[in-house]
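A.B. asks: Got a predicted model here, sequence first, then my questions.
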Amino acid sequence: MIMANIKPIRPDEIPNGPGAAAILAAGIGCAAMGIFALAGDAFASLNHFFTFYAPTGALSGVWTSAVIVWLVAWFVLSRRWAPKNVEMTKVLSVSFALLAVGVLLTFPPVMDLIQGR
Amino acid sequence: MIMANIKPIRPDEIPNGPGAAAILAAGIGCAAMGIFALAGDAFASLNHFFTFYAPTGALSGVWTSAVIVWLVAWFVLSRRWAPKNVEMTKVLSVSFALLAVGVLLTFPPVMDLIQGR
Amino acid sequence: MEISFRDLMTVFHGMGFGALFMLAFSAALAELYRMSAPGAPSIPSAREHNLLLFYLSIMVILAWGAVLSGAYIVYPWYRAAVPPGVTDLADYPKFLLTSNPKTSAWHSLGMEWKEHVAWLAPIAMTMVAYVFAKYGPALARQKEIRTAVIGFAVVAFVATGVAGAFGAFLNKYAPVRGGAMIEIIAGEQEGE
Amino acid sequence: MEISFRDLMTVFHGMGFGALFMLAFSAALAELYRMSAPGAPSIPSAREHNLLLFYLSIMVILAWGAVLSGAYIVYPWYRAAVPPGVTDLADYPKFLLTSNPKTSAWHSLGMEWKEHVAWLAPIAMTMVAYVFAKYGPALARQKEIRTAVIGFAVVAFVATGVAGAFGAFLNKYAPVRGGAMIEIIAGEQEGE
């Protein structure tokens, strides 16, 4: 992955990899929440699929799936980046962009706009 | 007043008098709020007296009076204590006791208990 | 989606002033505690001091705004007397609550407590802000004053919490209502 | 003074978890900002560090508690389908709101926004607490990580604010209701 690796780690320093992994994973989780929310709203079949627990409806599957995506992303990124220093500026931009996706796609007027309602 | 004065003031030090005045005055104001609230509730004539602004009823006079008592107490204490060091431990005990009076007397079950309801 | 004028004023009172005031509390308490801790590892800078003083001043304004808007705008609607001949008490929250033994304590405990205890908060916070302005970091050497400042601030927080929590309940069980309707979003029919 | 079981659960969701979480925020933001400020006048002590970590951990629990209790306890009551033949929608808040174009946006904007955006908060706060645990004062030398931590925390705060504010409105205009009544204070007849 392009962001990984690079700067040598000073002995007294915690590498920025674990932090970068947690931050990027949180961005991915937030974006997943927005994307799944939109998908569940737009497609009846997905809405049905996401109904993990009937009384809570599609929300149960949307959040569960987003949380799984977040945790898997965190786990995978952690394993790759734990001992390294990564290009934090890039990680930061991507993470905030993903967070923005999550914020925008959970906002109903944006959801409706995308669906052409 | 027994609490006033005593310790000499070191040149690099702000005397505790202004703080003591503000604290004791706040205690007096809180107690006044409780006492006026109880009085307005217990006596119809006072309830009538406290109705400074009819739509708000007795509450308008209760709070206005308490605020006036607080500000007057603050002004008077400030003038007396401003340049001095006072016995802060005593001021503290009295202020917290007055605060407790305010807290208790604004609690309706205590109000009712005192009025024998 | 629309809201009545009285609802909107209640929102200003409860959320604009009251909730903002409460939300500001934890930082104020933490910073007051820390900056004036005896043996604090560092003397706060003038900038830190001024920032906290500004923050406390805003809180004082919010506290007075909350009690004054409550007492002079919302409370008169809440306690408005029922005109003769009116039997629907929906627009007279106090009498709606007291007309039923199952709800009367929301007034006789909740409202009566709230309307009085809330006033302790602006008095206490004004003192807190003044004392902090006067002493600042020197509070670390004034142990008793520091105790009083933190003690009064905690009581102000709790008093506001009581007022806010009962406010939320009262706003649910017997909301003030009426006045012109203000449309926030044009009506739409579809459901999902 | 009594409260229904469903109301009580809504109180746990909204006040016990949600409001407490929000009230904790300002101190968390202030301390995170301060402790990790580059050129901070002092290195936070281990005790300060552990205290903030403990505080953030409580916030993470409150955040998850708020969304989970919302999704699995309150939301099912809110969205319950109206059985055939029932015409009084009072116990079916979603359908009560969507049945009227003047209130439907409280659902289609308020609830639909709230139910999704609220989930950003526990994800973001979990990351914040983890990163603070991992780096602590070393954040002062990790400028980008610090920016991310504070940025995500602010978004979590705003998302919770949206959820909480709409929660308060929904609880007023279409409260979840029903279940056993729980008496808090025995009924009394007198009014004042």
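C.D. replies: Done, it's in. Numbering: from 1, shown residues only, chains lettered A, B, ... in the order given.

A.B. asks: Remind me which helix or strand the spatially most central residue of chain A belongs to.
C.D. replies: Centroid-nearest residue in chain A: A:I28, 1.3 Å away (criterion: CA atoms, centre = their mean). Element membership for A:I28 (DSSP states H and E) is helix A:17-42.

A.B. asks: is chain D contacted by that helix?
C.D. replies: Yes. Using CB under 8 Å from any CB of the partner chain, we find that helix A:17-42 touches chain D at A:P18, A:G19, A:A20, A:A22, A:I23, A:A25, A:A26, A:G29, A:C30, A:M33, A:G34, A:A37. To be clear about C-beta, it is placed using only N, CA and C from the backbone, and glycine gets the same treatment.

A.B. asks: If you average the pLDDT over the next helix or strand after that helix, what comes out?
C.D. replies: Next helix or strand after helix A:17-42 toward the C-terminus (DSSP H and E): helix A:44-49. When pLDDT is averaged over helix A:44-49, the result is 93.

A.B. asks: What helices and strands are in contact with helix A:44-49?
C.D. replies: Helices and strands touching helix A:44-49, by 3 or more CB pairs under 8 Å, 6 or more residues apart in numbering or on different chains; DSSP states H and E, are helix A:17-42, helix A:58-81.

A.B. asks: Can you check which helix is longest in chain C?
C.D. replies: If you go by DSSP state H, chain C has its longest helix at helix C:143-173.

A.B. asks: what's the average pLDDT for the helix or strand following that helix?
C.D. replies: Of the helices and strands lying after helix C:143-173 in sequence (DSSP H and E), the nearest is strand C:181-183. Confidence for strand C:181-183, expressed as mean pLDDT, is 86.

A.B. asks: contacting residues for residue 77?
C.D. replies: Let's take chain A. Contact analysis of A:L77 by CB atoms under 8 Å, 6 or more residues apart in numbering or on different chains lists A:A20, A:A21, A:L24, A:A25.

A.B. asks: that answer is for a different chain, and I need it for chain C
C.D. replies: Taking CB under 8 Å, 6+ apart as the test, what C:W77 contacts is C:R6, C:P93, C:V176, C:G178.

A.B. asks: May I ask which helix or strand encompasses it?
C.D. replies: Applying DSSP H and E as the criterion places C:W77 in helix C:75-79.

A.B. asks: is any part of the helix or strand following that helix close to chain B?
C.D. replies: Downstream of helix C:75-79, the next assigned helix or strand under DSSP H and E is helix C:93-98. No. Taking CB under 8 Å from any CB as the criterion, helix C:93-98 and chain B are apart, separated by no less than 10.3 Å.

A.B. asks: Under the pLDDT cut-off, which ranges of chain C? List them.
C.D. replies: Within chain C, the stretches with pLDDT under 70 are C:39-44, C:187-192.

A.B. asks: Now do the same contact list for the residue in chain A that chain C sits nearest to.
C.D. replies: Nearest to chain C, among the residues of chain A, is A:D41, at 8.0 Å (CB to the nearest CB). Contact analysis of A:D41 by CB under 8 Å, 6+ apart lists A:N47, A:A58, A:M111, A:Q115, C:E192.

A.B. asks: How about C:V86?
C.D. replies: Counted by CB under 8 Å, 6+ apart, C:V86 has contacts C:Y92.

A.B. asks: Now do the phi/psi pair for it.
C.D. replies: With angles defined as degrees, to the nearest 10, C:V86 sits at phi -80, psi 130.

A.B. asks: From C:A80, how far off is it?
C.D. replies: Separation of C:V86 from C:A80 (CB to CB, to the nearest Å): 11 Å.

A.B. asks: Quick check: neighbours shared by those two?
C.D. replies: Joint contacts of C:V86 and C:A80 (CB under 8 Å, 6+ apart) are C:Y92.

A.B. asks: What about C:V162, how many residues nearby?
C.D. replies: Residues contacting C:V162 under the criterion other CB atoms under 10 Å in any protein chain shown number 20.
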